[in-house]
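Asks: I'd like to go over a predicted model; first the sequence, then the structure.
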Protein chains: 2
Amino acid sequence: MAKPNVLIIGAGGVAQVTAHKAAQWNDELGDLHIASRTLSKAQAIIDSVHEKSAMKVPGRFEAHAVDAMDSAAVADLIRKTGAGIVINVGSAFVNMTVLQACLDTGAAYMDTAIHEDPEKICETPPWYGNYEWKRREAAQKAGVTAILGVGFDPGVVNAYARLAEDEFLDQIDSIDIVDINAGSHGRWFATNFDPEINFREFTGTVYSWQNGAWQSNRMFEVGRKFDLPVVGEQQAYLTGHDEVHSLSARYPFADVRFWMGFGDHYINVFTVLKNLGLLSEKPVKTAEGQEVVPLKLVKAVLPDPASLAPDYTGKTCIGDIVRGTRDGKPAEVLIYNVADHKDAFNEVGSQGISYTAGVPPVAAALLIARGDWDVKRMANVEELPPRPFLELLGQMGLPTRIRDENGDRPL
Amino acid sequence: MAKPNVLIIGAGGVAQVTAHKAAQWNDELGDLHIASRTLSKAQAIIDSVHEKSAMKVPGRFEAHAVDAMDSAAVADLIRKTGAGIVINVGSAFVNMTVLQACLDTGAAYMDTAIHEDPEKICETPPWYGNYEWKRREAAQKAGVTAILGVGFDPGVVNAYARLAEDEFLDQIDSIDIVDINAGSHGRWFATNFDPEINFREFTGTVYSWQNGAWQSNRMFEVGRKFDLPVVGEQQAYLTGHDEVHSLSARYPFADVRFWMGFGDHYINVFTVLKNLGLLSEKPVKTAEGQEVVPLKLVKAVLPDPASLAPDYTGKTCIGDIVRGTRDGKPAEVLIYNVADHKDAFNEVGSQGISYTAGVPPVAAALLIARGDWDVKRMANVEELPPRPFLELLGQMGLPTRIRDENGDRPL
């Protein structure tokens, strides 16, 4: 089996995890490269990999500067590095240019979040139809493997839905994806990733797929309590999220909903900021005549998310509650993972939320290298065999567990 | 009795009320002048006076432009206008320069709030000792009447304390000043005056005079419920305020406390903004490198307080609960006023809070003209005879009421 060589795009918290995990599996992946707009940020990640002695076998890990909005520059870098797989964990604004570079060079592509236009908040569903899926035919024609949304959510939770289909239920009636962060960062208030992106996610319409159609709600309008393993009873809210936009295509007769856990404190701070107009991306003018984008000031006063990792304690629980029928009778299964913030920091220097997002694309890269997922077309994760993916993730630090009428147990 | 001629400094919401009231009494006050940095703002107030036909008798009312931080320019304007009384209802930053202009020209001086240095929030007590009282000897020497803090609170509430001393109690053990705005502006959130000044008032230490010494608390740390006439039971919080810093000098053996009413909603918004650092007067730098003073952005996104007046409904209740002994027995009296937002708007085009602050200095000007308060020295309101002041205010729209063991009745 030839080693594919991997190019990571991005140098944020998720890229840090992806780099460490790729290093831990470099005997299969071959040469490693990481590129970001700022060379020093990419180099700092490589330095942290070496500090942890994370490289499994001696090998290359090189940093590069690239503007990922420049498709030709990315293509040049792919050719120069000889990368057979590109893991795009850069900002949500660069998916389409990086994907195009892969189509042009034949490298496999993957990302962990849907493409966004910086000027637009919350476009019409299905979101994948606005950007990525428009290149589906081109990927097929070029024989390029492009795996969309292969972080945790979207990503692993899509595989959980497919596992329920393959092994637990004859018919799926509903998929409720629940994302609970029961960890504590010890600050009065902070967002777990870039406040600008974090708040953008919650200021628009909440789309869910129910009764065979798109339903619209406002954020925090629909709440529900979930009783989950390890983290216990948690309040979560119907939230717009990428995976709803692909799972609803595969399971059009099922209800597909995404629920994110929020404490009252988060909701209160969010509500005050939103109602005062402080989350607006449109500039306002002060009495002194200065033009200021409120959201950018809010970002400036909040803690840097990267600074939270060392003190982060507690666990995340993310999973799918899938309901339907088996042997003609109602049945339900919860497929889930529990991750620990402190363990993540000790292993790769990031908190648990970055960890759950950054490990899965490395598993996907390994499956492409091994052939299991080398499909030579564009695919969302639920279109691919889930077993090898979930079993590999178990070895990589993200074990899957099952809870149904037969109890709670590892996959 | 010679007519004194009056110069009003400032052209905000309080100045609007003061101008209307002065016009209503111009038969005694003589020529009227109003000056602000921006001539058009002063002129707009005169226009609104004429729209309401507020001038009691035909007479002069002229607008001027002046930088009130420039003492010599203010003195020139006093000489040019022949003003014998200056009512300073400009920003809290100009007291000392306007006072100096009065000392230099012999005009009587009055203001409605304590001097503030824009660079400092909440200085050491007693606040009057830091600025105004340092000019006490100079006022005496010049024979200039300078009445400090003659709005409602400080101002009328100081006269209420003195009235309790003169007519209700033999010994005063405590003075609790309570300021409740039970009105509604109909917005999700707004401040009743300049947000920058409003929030500055609550971000520092709360000083009160108790057990013969200055006590320090944090804002919203000490709360108490008060059952008041008309507005009913209301939650108020120990708050730092000007009048505590003069009343404690006259009544050193009494506890002197100021309580301001706040709803949970106000406190919540204030707490979120303060804890996130959004009330800071110190600039922060955004990711894009722009320097922004958070408090100035908050001011920019909040409603303009002047815009609230037309829709403001409900009432304010401000008064003194004075406890002590009479004829050797414990006794208590509440001396208070109730004002109506809508009535204030109909009469002078401002909401009730500006109304209660803007009327008293005009009463004081009349008392100087009539001789009752023409003391030719610097004085806080509690040093002056309260009866003529409170009786005149009753005629001017701010009637005083008494509640004690003999019932609730007009003064």
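Replies: It's in.
Asks: I figured A:Glu165 hits A:Ile172, correct?
Replies: Yes: using C-beta atoms under 8 Å, A:Glu165 makes contact with A:Ile172 at a distance of 6.0 Å. C-beta here means a position set from N, CA and C on the backbone, and glycine is covered the same way.
Asks: tell me, what's touching these two both at once?
Replies: Shared contacts of A:Glu165 and A:Ile172 (C-beta atoms under 8 Å, 6 or more residues apart in numbering or on different chains): A:Tyr251.
Asks: what's the neighbour count on A:Ala182?
Replies: When neighbours are defined as other C-beta atoms under 10 Å in any protein chain shown, A:Ala182 has 18 of them.
Asks: residues in contact with it?
Replies: A:230-232, A:234, A:261, A:314-317.
Asks: redo that, cut-off 10 Å
Replies: Counting by C-beta atoms under 10 Å, 6 or more residues apart in numbering or on different chains, A:Ala182 touches A:228, A:230-232, A:234, A:261, A:263, A:314-317, A:338, A:341, A:352.
Asks: and if you look at A:Thr18?
Replies: Contacts of A:Thr18 by C-beta under 10 Å, 6+ apart are A:6, A:8-10, A:12, A:32, A:34, A:45, A:87-89, A:112, A:151, A:348, A:350, A:354, A:357-362, A:365.
Asks: cutoff 6 Å now
Replies: A:8, A:87, A:89, A:358, A:361-362 (C-beta atoms under 6 Å, 6 or more residues apart in numbering or on different chains).
Asks: those residues in strands, which ones?
Replies: Counting by DSSP state E, the part of those found in strands is A:8, A:87.
Asks: need the buried ones from the contacts of A:Thr18 selected in ChimeraX.
Replies: A single ChimeraX command suffices to select whichever of the contacts of A:Thr18 are buried according to 16 or more other C-beta atoms under 10 Å in any protein chain shown:
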select /A:8,87,89,358,361,362
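Asks: which among the contacts of A:Thr18 are in contact with chain B?
Replies: Near chain B, judged by C-beta under 6 Å from any C-beta of the partner chain, there are no entries from these.
Asks: my guess is A:Leu228 meets A:Thr316, correct?
Replies: No: in this structure A:Leu228 lies outside contact range of A:Thr316 using C-beta atoms under 6 Å: 10.5 Å.
Asks: more neighbours, the two?
Replies: A direct count of neighbours by other C-beta under 10 Å for A:Leu228 and A:Thr316 places A:Thr316 higher, at 25 against 22.
Asks: beta partners of that one?
Replies: A:Asn181, A:Ala339 (DSSP bridges).
Asks: chain neighbours aside, what residue packs nearest to the residue of the stretch 101-250 of chain A found nearest chain B?
Replies: The minimum distance from the stretch 101-250 of chain A to chain B, using C-beta to the nearest C-beta, falls at A:Trp188 (5.0 Å). Using C-beta to C-beta, 6 or more residues apart in numbering or on different chains and skipping residues adjacent in sequence, the residue nearest A:Trp188 is B:Asn275, 5.0 Å away.
Asks: between the helix or strand containing that neighbour and helix A:264-276, how big is the angle?
Replies: Under the criterion DSSP states H and E, the helix or strand holding B:Asn275 is helix B:264-276. Relative orientation of helix B:264-276 versus helix A:264-276 (axes from the mean of the first three to the mean of the last three C-alpha atoms, to 10 degrees): 100 degrees.
Asks: next one: helix B:264-276 to chain centre, how far?
Replies: Using C-alpha atoms, centre = their mean, to the nearest Å, the distance from the centre of helix B:264-276 to the centre of the chain it belongs to is 24 Å.
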